[in-house]
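In: Sequence first, predicted coordinates after that:
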Number of protein chains: 2
Amino acid sequence: MRCKNKVMPSLFFYPKTVAIIGATADPTKFGNALTKNILKNKNLQNEIFLISRSSKEICGSKCYRFIHEVPNDIDLAIVLVPASVVDLVVDQCIKKSVKRIIIITAGFGEIDDLGKKVESEIAKKCNAAGIRVMGPNCVGIQNLDIGLNASFIQTFPRGNISMISQSGSISCASFYKMSPLFLGCSKFASIGNQVDVSFNEILTFFKEDKNTKIIILYIEAVTDGRALFNVIKEITPIKPIIILKGGKSRTGMKAASSHTGSIATNYKILKAAFQQAGAIICESFSDYVTAIKTLRFLPTPKGKRIAILTNSGGTAVLFSDYVEKFGFQLANFSEGFKEKIFPYLNPLAKRINPLDMIAGSGKTQYYEITKAMLEDPDIDIVVACVVIPPFLEMKRDEHFKGIIQAWNDTERIKTLIPLIIFGNNFKELNLIAEKEKICIFETPQEASFAIKLLIERKDLLERKNISNIKN
Amino acid sequence: MRCKNKVMPSLFFYPKTVAIIGATADPTKFGNALTKNILKNKNLQNEIFLISRSSKEICGSKCYRFIHEVPNDIDLAIVLVPASVVDLVVDQCIKKSVKRIIIITAGFGEIDDLGKKVESEIAKKCNAAGIRVMGPNCVGIQNLDIGLNASFIQTFPRGNISMISQSGSISCASFYKMSPLFLGCSKFASIGNQVDVSFNEILTFFKEDKNTKIIILYIEAVTDGRALFNVIKEITPIKPIIILKGGKSRTGMKAASSHTGSIATNYKILKAAFQQAGAIICESFSDYVTAIKTLRFLPTPKGKRIAILTNSGGTAVLFSDYVEKFGFQLANFSEGFKEKIFPYLNPLAKRINPLDMIAGSGKTQYYEITKAMLEDPDIDIVVACVVIPPFLEMKRDEHFKGIIQAWNDTERIKTLIPLIIFGNNFKELNLIAEKEKICIFETPQEASFAIKLLIERKDLLERKNISNIKN
């Protein structure tokens, strides 16, 4: 017998047959939203069966009144009926010998103790019948690799990021923010009250999943801390895991208990454990998005020595304040390096780190000096900072183009942070970023958080003696 | 004789005659950028004289070779000649009896001790001749109220925010970010190495300036801390002052000394003093932009009791964590209030604060419940949070429209924070925000910082016994 944990989640993500129980033609119901999402993909490989009490046909697909009327075996049943009849429907699923159940319906453990008891009994009888349960109180799953959106939220763009979340809306928001950064999803699971299937098992599945390059988690509560710690520790040397934790404070925990019926774990202890296991912990939603794009686009540095070049003295000053805050190490410029960059600098520019090239610097200066830094053996991380100049007839994208060319010409081996202050105001830059597969950091704070986590990742991989440090 | 401090800066911002010394037709020089900026406004009230050694005419305007050839008296001379001849040009300005000088040219105190000595001697002889000096090493000034852009950076959009900055590029970046938020500038001064004119005097001028509603400062060094403290303390009960400080750490101070020749003041002491004087201190560029929009668009609350409504349980959890971090007070819902909102809530929604209205809530729910909160005597600040739902055929802007309508129907008396998670992904929302003169907050962190500073402002105004608490 194969290890249950390892094979368990695959049927959730790769079901041959799916039954939607609670499908409806009523567009104000989640049973309609999910049905439409799943049927939208005309090339879907999975066979879909709709179970509906109200409709005979939805979007051209026939509806059955009961699951036992479906002639085929069912790998995955998705339940969206009202909470009061979930128990009954689960009994029918057990009788039909479905293999996996996702309960989307809310109104269980997040409401009160009775709800907790009911959901726990449902899980118990399913498990006894060999059926694993995801949810209740969740939005469903997606597997973009096979075009399956078995959730009632938007279909995410396809990519290499896989997510497990205790909040459907935070998943929506995450991908709203990721889409314009050209970041997409491989697999997504919303586990809600996690009455049975929890983070650990899906993580184990993601570990082996070849399309999953980065794993992101929104966690409110941990059901088995020790197991979660172990699986995170196993995965992080292979794939980065980024964690956003909700319910860090007493007030937050109280809110979490109303949201997913969670009794949130002490954050300090959890954070220390997750960090020890090599995960990237984000204190805010913004950091979370920064971490995702950083790990997706940038190579892990080989050392900690940072060099910064800029056309903005003020920005060099603001960035320098983070150097101390995060304990960064500024690279020392060698005499050879200073000679090399001399021809490209304004005579007023001091050859010190941070290197303020002064406002008049354009594409050539940015290209040559970024390249010199990327080639220098005493520098590991290059922060190329620009405030787009509105003067001297400079092109708004010329600095960024110079920076990218320097990175390309040095084969993108070193870590390069393009810090374009408030670059999101410049559409042409975003288009270049898309084409060149590079990301823009928008504030000294954001760039610093990116560097901090990349150095943490470098340290982890070094501890694990992993020589091929690629994300 | 009128107080020098009070009348001093007005001639910088309202000069009748301006001489640009170092004007040039060469588009690679700042003397060209500034000349073009100033001449761009065809309705300019100020009379402009160009002094150039290289050109006879620029943009159709005649050039003089020397300032003494100009027939008129000169209120303001703007100097852009190379550093080596600045001293000579200043002597000519003194001889001509110009009233004010801005030295844009860099290469003085920010370079070395000799540069410090030279700039200080220039200031001394100007002052002896009754001339005040701004700079050196700065980008110039702007007074949008009269259409004057006497700087080499972009012309800012017109508005009610006035800025004093020790970094030209940080000013550029600030207004790049403010423009899409429909925030504009009244007056702007870049004071560079502040060899003579410093923050204090311009602040005093801004205090009386009727078009200046909010003052923003980027500070690297303070030349007269006591005077600055006093003037900030005088102004803050009347107009908010928002401060971003560069050079908070040793590394940052070192960078500041290369940037503006500053010996940065101990940050902890400065911060404590500024806060005591009632200024809003921002630790990051993002907070700085948040503070500006918050104070521009939102009324100061009358109390501290916060209520939050949301369609996203996860977001309620994340926001709740900030409640504890910043020591916020969540409002208690009275029985009357609970009864009032009952008809609009999903039966599964618990009537607790934060109020998770559950994913299916649309415009009506948002309108009715936001309005009920805005009308409730036990609630001072309403956080209306939305993750735009991608389901149930909801319109993407309906929640926001419901929120705005509730605010309008209650005459915008209470503080309303529209927290639309990553709302910047939705263009239609930004258009509504522009039309309705309202701003969107994008993360729980941003919303929390806004609330924190509004409560600080409320406390300040209460301490000062200012009853009419309007920004």
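Out: Arrived safely, thanks for sending.
In: can you give me phi and psi for whichever residue of the stretch 51-200 of chain A sits closest to chain B?
Out: Using CB to the nearest CB, the closest approach of the stretch 51-200 of chain A to chain B is made by A:Ser167 at 2.6 Å. The C-beta positions use only the backbone N, C-alpha and C, and glycine is treated the same way. Note on A:Ser167: backbone dihedrals following degrees, to the nearest 10 are phi -140, psi 120.
In: quick one, what contacts it?
Out: For A:Ser167, the contacting residues are A:190, A:218, A:220, A:246, A:259-260, B:312-315, B:317, taking CB atoms under 8 Å, 6 or more residues apart in numbering or on different chains as the criterion.
In: go again using 6 Å as the cut-off
Out: Taking CB atoms under 6 Å, 6 or more residues apart in numbering or on different chains as the definition of contact, the neighbours of A:Ser167 are A:218, B:314.
In: how near is A:Asp224 to A:Gly313?
Out: Counting by CB to CB, to the nearest Å, the separation of A:Asp224 from A:Gly313 is 52 Å.
In: between these two, who's got more neighbours?
Out: A:Gly313 (30 against 13; other CB atoms under 10 Å in any protein chain shown).
In: interface residues of the stretch 151-300 of chain A facing chain B?
Out: Taking CB under 6 Å from any CB of the partner chain as the measure of proximity, the stretch 151-300 of chain A contacts chain B at A:152-154, A:167, A:169-170, A:172-173, A:176-177, A:246-249, A:251-252, A:255-256, A:258-259, A:284-286.
In: cutoff 8 Å now
Out: Counting by CB under 8 Å from any CB of the partner chain, the residues of the stretch 151-300 of chain A close to chain B are A:152-154, A:165-170, A:172-173, A:176-177, A:179-180, A:218, A:220, A:244, A:246-252, A:254-256, A:258-260, A:284-286.
In: Select from those residues every entry located in strands.
Out: Among those, the ones falling in strands (DSSP state E) are A:165, A:218, A:244.
In: now these in a markdown table, with pLDDT and neighbour count?
Out: Rendered in a markdown table, the data for these read as follows (pLDDT from 0 to 100; neighbours: other CB atoms under 10 Å in any protein chain shown):
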| residue | pLDDT | neighbour count |
| --- | --- | --- |
| A:Ser165 | 95 | 25 |
| A:Tyr218 | 95 | 28 |
| A:Leu244 | 95 | 24 |
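In: for A:His68, what are its contacts?
Out: For A:His68, the contacting residues are A:92, A:95-96, taking CB under 8 Å, 6+ apart as the criterion.
In: any idea which helix is longest in chain A?
Out: Determined from DSSP state H, the single longest helix within chain A is helix A:444-463.
In: What's the local residue count around the nearest residue to A:Pro301 once chain neighbours are set aside?
Out: Excluding its sequence neighbours, the residue lying closest to A:Pro301 (CB to CB, 6 or more residues apart in numbering or on different chains) is A:Thr415, at 4.2 Å. Here the neighbour count serves as a burial measure; for A:Thr415 (other CB under 10 Å) it reads 25.
In: can you check A:Ser10 too?
Out: Neighbourhood size, A:Ser10 [other CB under 10 Å]: 13.
In: Equivalent analysis for the one 10 residues further on, please.
Out: Around A:Ile20 sit 28 other residues, with neighbours defined as other CB under 10 Å.
In: Show the residue spans covered by the helices in the stretch 101-250 of chain A.
Out: Taking DSSP state H, counting those that start in this stretch as the criterion, the stretch 101-250 of chain A carries its helices at A:113-128, A:168-178, A:199-208, A:225-235, A:250-260.
In: By neighbour count, which bits of the first one are buried? Give me those.
Out: Within helix A:113-128, the residues that count as buried by 16 or more other CB atoms under 10 Å in any protein chain shown are A:115-116, A:118-119, A:122-123, A:126.
In: Just to check, A:Gly314 is in contact with B:His259?
Out: Yes: contact criterion CB atoms under 8 Å: A:Gly314 and B:His259 qualify, at 6.6 Å.
In: any common contacting residues for the two?
Out: Common contacts of A:Gly314 and B:His259 (CB under 8 Å, 6+ apart): B:166-167, B:220, B:246.
In: so the residue nearest the centre of chain A bridges to which residues?
Out: The residue lying closest to the centre of chain A (CA atoms, centre = their mean) is A:Ile216, at 3.7 Å. When bridges are called by DSSP bridges, A:Ile216 pairs up with A:Met163, A:Ile242.
In: Show the contacting residues for it.
Out: Under the contact definition (CB under 8 Å, 6+ apart), the residues listed for A:Ile216 are A:161-164, A:174, A:241-244, A:288, A:292.
In: Please identify the helix or strand for the residue of the stretch 301-450 of chain A found nearest chain B.
Out: When you check the stretch 301-450 of chain A against chain B by CB to the nearest CB, the closest residue turns out to be A:Gly314, at 2.6 Å. A:Gly314 belongs to helix A:313-325 when elements are defined using DSSP states H and E.
In: What about chain A, which residue is the most distant from its middle?
Out: Here chain A has its C-alpha centre computed as a mean, and the residue farthest from that point, by CA atoms, centre = their mean, is A:Pro347 with 45.4 Å.
In: how near is that one to A:Lys36?
Out: In this view, A:Pro347 and A:Lys36 are 66 Å apart by CB to CB.
In: so A:Val231 sits right up against A:Leu203, yeah?
Out: Yes: between A:Val231 and A:Leu203 there is a contact under CB under 8 Å: 4.8 Å.
In: Do stretch A:129-138 and chain B come into contact?
Out: No: interface with chain B: stretch A:129-138 contributes nothing (CB under 8 Å from any CB), its closest point being 8.8 Å away.
In: Run the chain-centre distance for that stretch.
Out: Put simply, stretch A:129-138 sits 23 Å off its chain's centre (CA atoms, centre = their mean, to the nearest Å).
In: now do the same end-to-end measure for it.
Out: Taking CA to CA, to the nearest Å, the first and last residues of stretch A:129-138 lie 22 Å apart.
In: So for it, what gets flagged as buried?
Out: Residues of stretch A:129-138 classed as buried: A:131-138 (neighbour count, 16+ other CB under 10 Å).
In: ok, now stretch A:240-252?
Out: By neighbour count, and taking 16+ other CB under 10 Å as the criterion, the buried residues in stretch A:240-252 are A:240-249, A:251-252.
In: For it, list the C-alpha coordinates in CSV.
Out: Taking Å, rounded to 0.1, in the frame of the first residue of the first chain, the C-alpha atoms of stretch A:240-252 are listed here in CSV:
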residue,chain,number,x,y,z
PRO,A,240,10.5,28.3,-1.6
ILE,A,241,7.5,28.5,0.7
ILE,A,242,6.0,31.9,1.3
ILE,A,243,3.7,32.3,4.3
LEU,A,244,1.2,35.0,5.2
LYS,A,245,-0.3,34.4,8.6
GLY,A,246,-3.7,35.9,9.7
GLY,A,247,-4.6,36.0,13.3
LYS,A,248,-1.3,37.0,14.8
SER,A,249,-2.8,39.0,17.7
ARG,A,250,-5.6,38.2,20.2
THR,A,251,-8.0,40.4,18.2
GLY,A,252,-6.9,38.8,15.0
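In: Return the distance of it from the chain's centre.
Out: Relative to the mean C-alpha coordinate of its chain, stretch A:240-252 is positioned 14 Å out (CA atoms, centre = their mean).
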